[in-house]
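J.: Got a predicted structure here, sequence first:
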Amino acid sequence: MKNSLYTIRLLALFALAAVCFADTPGPAIEFDQVVDRAVFQENNLLKIIRGLHPVAETYIQDLAPDPDFGAAPSGDHYFLGKLDLSRGVNTDSFIHKAHTGIGSLIPFSHLFSARFFPRGFAQTLLIDGAQFDRAHYDFEFVKREFLGDVRTYVINVNPKKNSGPGRFLGRIWVEDKEFNIVRFNGTYSQAHKNTFYIHFDSWRVNCGPDLWVPFETYSEESDLLYAAGLRRLRFKAVTRVWGFTTAEDRHRSEFTNLTVDLPSVKDSSEQAADNSSVESQRAWERQGEDNVLDRLEKANLLAPPAEVEKVLDTVVNNLLVTNDLNVVPEVRTRVLLTTPLESFTVGHTIVISRGLLDTLPDEASLAAILAHELAHIALGQQIDTKFAFSDRIFFDDEAILQKFRMARSLPEEEAANTKALEMLGKSPYKDKLGQAGLFLKALANSSERLPNLIKPLFGSRMAANNNVLRMSALMEKSPELQKERTDQIAALPLGARTALDPWSDRLRMAKLRAVPLLSPREKMPFELTPVSLHLTYEPVNQARAAGDQSGEPRAQETQTAAR
Ligand SMILES: [Zn+2]
């Protein structure tokens, strides 16, 4: 009986699939139109993003054979810069940041130079710049496939024989509403015997009506011979691109609304008294704090406040309430959009990096990180108020890593550690701190192999040379780190917990499914994993189509991609 029931369910599923596809044209009839539309949309995207300056971040992990895990990271490289798309994608035009250091730049420029991408790294944003067309490529229908909620045509793309070297060779996924390419995956045809192009898988997300924005590219090579076959390359890498619009674009639309909101901001009679000197000092410090935060957001390095900050605020509030702390002005939280693991404070604002947020295994571990920063605030360790003068934040984006140094002195760090442990001891997290200690052990374990992941861009180091420099007392209470146990998760892989809208920089918590691990290999603490986005259409599409002319590029709620 059970068997027949199972069969009936399966059939019902098949029937459903048949209905889904019945209203769409068969590939034999309409396929040429699909290709023409996809080519048109790809060239249209080139026009949209030309002239924009998104942030590009590439993180590379070198791989070495590992007896237990097949392959494990043995080194890493980090790059952060702004892309200049004003001259099309044929220009490899990164602004190299001096901060990243020569050591980390050289492998990057080798890896993502013309040797591996014929027209430079920017090519992974678009398939072939302005020459993605029928004159240069052959197209072959493969199948229909869902990527998340988005129904796509899967098409093989081959360069024509006489179209020249360095052409895209692989597969594209074209969504079937507006025929945008939402994913492409493959490599480039080779010019010479000694030219090697890496393989990559590039994903886009829907950020508005008929707008699919390049976001994440995963590359991996397990056995790439290069330099005339003398050297072997083994790595995985993720490139993220975001910040297609700026804070200024977003504020421009807010300016229009400001006149409406203004009466409610006016001083009420109770508060209308003159400011006391203490209040003046606090307001001055808050001014400096806001200037720094605004500047970081303007450089597309800080996410505009959205739903993730509410999660962080809740944890901070749990710590404040149980410790009977009343901090004025109130403590706020923000997220730095970059990968290196760090947290720091700017005045009374706690900033945590997306990479750190992604890899923290649970709320207690997050509380431990936030408690350390809250301790700096509670101890009254203030930032330099020189940034309260607006002119001090007028400098180019490229200088931002040099201008804003948030690192603390060793005595300040130690005082904050002590205070944070005291606060955690009174908090609702006091019995769950073993997991936080375990995270720190995993961090110590990876710190030598992944020096660029633990090298902060702004704040203080969390670890160095296999030693944890922050809250290390928590490790004493934690269980032993057991790499072989699948039920002990000390740290998550990178990119696991949050989803980013690359057009507006808004970040949200990803809807994580609990997946039982089959082997210790699947734990991948602090590791890069292949990009696999749950694609979906922006719900705002319907709203905007219905006449919403707010000028805001995106709605408040972000619904782009969940892993
Ligand atoms: Zn600190």
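T.: Here it is on my side, so go on.
J.: Tell me the bridge partners for T345.
T.: With beta bridges defined as DSSP bridges, T345 has these partners: I350.
J.: Regarding N185, what is its secondary structure?
T.: N185 falls in the strand class when you classify it by DSSP: H, G, I helix; E, B strand; the rest coil.
J.: what about it, distance to S409?
T.: Look at N185 and S409: by CB to CB, to the nearest Å, they are 48 Å apart. In this view, the C-beta of every residue, glycine as well, is placed from N, C-alpha and C.
J.: show me where the stretch 251-400 of the chain has helices.
T.: Taking DSSP state H, counting those that start in this stretch as the test, the helices found in the stretch 251-400 of the chain are 277-298, 307-322, 354-359, 363-378, 400-403.
J.: Of those helices, give the one that comes closest to the ion.
T.: For the ion, the closest of these is helix 363-378, at 5.5 Å, according to CB to the ion.
J.: Where does the prediction get shaky in the stretch 451-563 of the chain?
T.: Flagging of the stretch 451-563 of the chain using pLDDT under 70 yields the residue ranges 512-513, 540-563.
J.: Which parts of it are helices?
T.: Going by DSSP H, counting those that start in this stretch, the stretch 451-563 of the chain shows helices at 540-545.
J.: Test my guess that N206 contacts H534.
T.: No: if you go by CB atoms under 8 Å, N206 and H534 don't touch, sitting 11.6 Å apart.
J.: The two: which is more packed in?
T.: N206 (28 against 16; other CB atoms under 10 Å).
J.: Grab the nearest non-local neighbour of the more buried one.
T.: Spatial nearest neighbour of N206, chain neighbours left out: E538 (4.9 Å); criterion: CB to CB, 6 or more residues apart in numbering.
J.: nearest spatial neighbour of K441, skipping sequence neighbours?
T.: L481 (4.5 Å).
J.: Get me the contact residues on the stretch 301-450 of the chain for the ion.
T.: Residues of the stretch 301-450 of the chain lying close to the ion by CB under 5 Å from the ion are 408, 413, 416.
J.: Look at the second one and tell me its secondary structure.
T.: The assignment at E413 comes out as helix when based on three-state DSSP.
J.: from memory it sits against G459, does it?
T.: No: look at E413 against G459 with CB under 8 Å: they stay out of range, at 10.4 Å.
J.: Pairing partners for the helix or strand containing N156, with directions?
T.: Secondary structure from DSSP states H and E places N156 in strand 150-159. Counting by DSSP bridges, the strands paired with strand 150-159 are strand 137-147 (antiparallel), strand 168-175 (antiparallel).
J.: and the residue nearest to R521 when sequence neighbours are not counted, how many neighbours?
T.: Leaving aside its chain neighbours, R521 sits nearest to F69 (5.1 Å; criterion: CB to CB, 6+ apart). Other residues lying near F69 total 18 when counted by other CB under 10 Å.
J.: do S219 as well
T.: S219, neighbours per other CB under 10 Å, totals 25.
J.: Could you do N162 as well?
T.: Using other CB under 10 Å, N162 is surrounded by 7 other residues.
J.: Give me the three-state assignment for it.
T.: Under three-state DSSP, the three-state class of N162 is coil.
J.: Return the distance of it relative to S189.
T.: N162 is 12 Å from S189, where distance means CB to CB.
J.: How about D358?
T.: Computed as CB to CB, the D358 to S189 distance reads 35 Å.
J.: When those two are compared, which one has more neighbours?
T.: Applying other CB under 10 Å to D358 and S189 shows that D358 carries more neighbours, namely 20 against 17.
J.: Next one, pLDDT for the more buried one please.
T.: D358 carries a pLDDT value of 93.
J.: tell me the contacts of it?
T.: When contacts are counted by CB atoms under 8 Å, 6 or more residues apart in numbering, D358 touches 492-498.
J.: if I look at it, how far off is I369?
T.: 12 Å.
J.: Kindly report the same for L336.
T.: For L336, the distance to I369 equals 13 Å [CB to CB].
J.: Which neighbours do these two have in common?
T.: With CB under 8 Å, 6+ apart as the test, L336 and I369 both reach I352.
J.: Tell me the secondary structure at D201.
T.: Following three-state DSSP, we place D201 in the strand state.
J.: Would you mind naming what in the stretch 451-563 of the chain lies close to the ion?
T.: Residues of the stretch 451-563 of the chain lying near the ion by CB under 5 Å from the ion: S460.
J.: Find the closest residue to the ion in the stretch 451-563 of the chain.
T.: For the stretch 451-563 of the chain, CB to the ion, closest residue to the ion: S460, 4.9 Å.
J.: can I assume that residue is in contact with E413?
T.: Yes: counting by CB under 8 Å, S460 does reach E413; the two are 6.0 Å apart.
J.: what is in contact with those two at once?
T.: By CB under 8 Å, 6+ apart, S460 and E413 have these common neighbours: 469-470.
J.: re the thing from before, would you mind finding the most buried of the strands paired with strand 150-159?
T.: With neighbours defined as mean count of other CB atoms under 10 Å, the strands paired with strand 150-159 peak in mean count at strand 168-175, which reaches a mean of 22.
J.: picking that back up, which residues does the residue nearest to K441 contact?
T.: Applying CB under 8 Å, 6+ apart to L481 gives the contacts 438, 441-442, 445, 488, 490.
J.: Adding neighbour count and distance to D396, write these out as a markdown table.
T.: Converted to a markdown table, the contacts of L481 look like this (neighbours: other CB atoms under 10 Å; distance: CB to CB, whole Å):
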| residue | neighbour count | distance to D396 |
| --- | --- | --- |
| L438 | 25 | 42 |
| K441 | 20 | 40 |
| A442 | 23 | 37 |
| N445 | 19 | 38 |
| Q488 | 17 | 46 |
| A490 | 26 | 40 |
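J.: Of all pairs in the residues you listed, which one is the farthest apart?
T.: In these, two members sit farther apart than any others by CB to CB. They are N445 and Q488, at 12.8 Å.
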